[in-house]
Structures are given as C-alpha cells and as structure tokens.
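K.L.:
Quick one, fold the following:
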Amino acid sequence: MGGVAKKKKILEAPSGPRLTEEIVDGLVSLYPFHLGRLDDAAMAAGVRVVVRRDLEAGVKRAGKVSVISGGGSGHEPAHAGFVGKGLLTAAVCGDVFASPTAKAVLCAILAVSSREAGCLLIVKNYTGDRLNFGIAAETARSRFGIDVETVYACDDVGVETPQPRGVAGCVLVHKVAGAAADRGASLEEVARCARAMASRVATMGAAYETCRVPGAAFAERLGDDEIELGLGIH
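P.N.:
The predicted structure is shown next:
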C-alpha cells in the first residue's frame, strides 16, 4: 500500500492542451459519421467542442432545442461520448480535470443553437463549471439574443454537503433532456424535464484504485482489500 506503480500509456502529449486535442480528435476519428468538432481555428484558440455530425439538418434547420454539457477532460466517455441523436447536441471539453473556459462554452452555444429554439446547458455543480457556463449563458442572452436555460446536476450523495457535486447521474439528465429536445419540445419543456430528472437521481461513487493522471506521478493509496467511497467524477 502506498508504493509507486509504473503504468505505460501511448500518448503524443503527456498533459496540457495537446492531450485534450488528441482525445477530441481521436473520438471524432473513431465515429466520423456521427461526430464532428469545431474547426482548426477554434481548436488553436483552445475551443474544443464536439458536435453532432447532423447538427444542421437534425437540430438547427429542424428548429429543435440544442442541449450542451461539458467539463474537464479525462472522464471519458463523459461528456463528448454522449453527443448524438437523443442525447447532447454538443460537449465542451476543458483540459484534463479543468473546467472549459467561458469562451469555449459561448462558442459552443453560438455554433449549435438558434434564436428561435434556444439552448439548454446541463452543468455539473462545481465552482468552475458554474462560473464559466454561467458567464457564457448570460453573454449568449444579452449579446446574441439566444434564450438559454441552465440545469445543474447535483446528484452526489457520497459527501454530506449543502452543495452536492454533479457526478455520474448527469448522464441520465443528458438522456432525458436530449430525448425531449429530439421530439421537438420547447426550451421550457426540455428544461422542466431535465430538472425533474436531476431532482430524482442520486449517485454514490466508489473506486478500487487511485486515479491516474497522465504526466503525473502515481502512488496507490488503497490496499488490495480496500475501496474508497464518496469519489467525485474522477
């Protein structure tokens, strides 16, 4: 227990923005008929957004509400792995274990949303996510006239706190909101369905080994006969 364990990984970049870009490009390359991303100029500016390949016909021209979520990378398949028909319209990818910037979230809103239908943001209840998604939502409303609703995932019951974290239960919120949007529900109705799901889901995290962060030293703190309860999304 507590010894150093060596783990091998095949990565072009051990950490930083290039690692996140590698994750995004790998996912899009794996599912080219289902997923796309914003262009190279956006990627170069640190805006890493995975979108539905049928975005124009399936969402924007169809007059449907867009559903966006996101967060730090390193939790795959969350959230980019949940982009698709009946799920998320787009996912905004921050650096490993770091919230995406407000700029990146705003670019996602502008790229996939219409003024007529509006946009729902599903945000995990972490300070950085709340701040940056909140700034982007307010900017989209005030500067670009896009109606934006926000739903917070607060499903963690592993740690007693008045502000529970958003963890794995957010996937169910994605599904309920995405299904409502796909059948043509209004933004108000999509948000209502998402809030109803968010209020009914609870998650208890458990881990049997310590998280491994690319590019960082690793030391296992759990014995062979131990697990840890109350883990976050990592």
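K.L.:
rest of the way, CA atoms for contacts and neighbours
P.N.:
OK.
K.L.:
what stretches of this structure score poorly on pLDDT?
P.N.:
Along the chain, the model assigns pLDDT under 70 to residues 1-9, 14-15, 215, 234.
K.L.:
how about the strands in it?
P.N.:
35-37, 49-52, 66-73, 90-96, 119-124, 148-153, 206-207, 228-229 (DSSP state E).
K.L.:
Any chance of those strands in CSV with mean neighbour count as columns?
P.N.:
Below are the strands of the chain laid out as CSV (neighbours: other C-alpha atoms under 10 Å):
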stretch, mean neighbour count
strand 35-37, 22
strand 49-52, 27
strand 66-73, 28
strand 90-96, 26
strand 119-124, 28
strand 148-153, 23
strand 206-207, 14
strand 228-229, 13
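K.L.:
Quick one: the ones you listed as TSV, columns for distance to Leu172 too.
P.N.:
Shown next, in TSV, are the strands of the chain (distance: least, C-alpha to C-alpha, whole Å):
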stretch	distance to Leu172
strand 35-37	20
strand 49-52	19
strand 66-73	12
strand 90-96	15
strand 119-124	11
strand 148-153	10
strand 206-207	18
strand 228-229	21
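K.L.:
out of these, which comes closest to Gly58?
P.N.:
Across those, Gly58 has its closest neighbour in strand 49-52 (8.6 Å, C-alpha to C-alpha).
K.L.:
which secondary structure elements does that closest one contact?
P.N.:
Applying 3 or more C-alpha pairs under 8 Å, 6 or more residues apart in numbering; DSSP states H and E, we find strand 49-52 packed against strand 35-37, strand 90-96, helix 102-112.
K.L.:
and Val47, which of those is closest to it?
P.N.:
helix 102-112 (4.7 Å).
K.L.:
For the closest one, what is the distance to the chain centroid?
P.N.:
Centroid separation for helix 102-112 versus its chain: 13 Å, with C-alpha atoms, centre = their mean, to the nearest Å.
K.L.:
What is that helix packed up against?
P.N.:
In terms of contacts (3+ C-alpha pairs under 8 Å, 6+ apart), helix 102-112 is packed against strand 49-52, strand 66-73, strand 90-96, helix 127-144.
K.L.:
closest one to Ala217 among those?
P.N.:
Smallest distance to Ala217 across the helices and strands packed on helix 102-112 (C-alpha to C-alpha): 15.0 Å, for strand 90-96.
K.L.:
Work out the gap between the closest one and the centre of the chain.
P.N.:
6 Å.
K.L.:
what inclination does that strand have with respect to helix 102-112?
P.N.:
Interaxial angle of strand 90-96 relative to helix 102-112 (axes from the mean of the first three to the mean of the last three C-alpha atoms, to 10 degrees): 160 degrees.
K.L.:
Partner strands of strand 90-96 and their direction?
P.N.:
strand 49-52 (antiparallel), strand 66-73 (parallel) (DSSP bridges).
K.L.:
Distance to Val201 for the helices and strands packed on strand 49-52 - can I get that in a markdown table?
P.N.:
Formatted as a markdown table, those follow (distance: least, C-alpha to C-alpha, whole Å):
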| stretch | distance to Val201 |
| --- | --- |
| strand 35-37 | 28 |
| strand 90-96 | 21 |
| helix 102-112 | 25 |
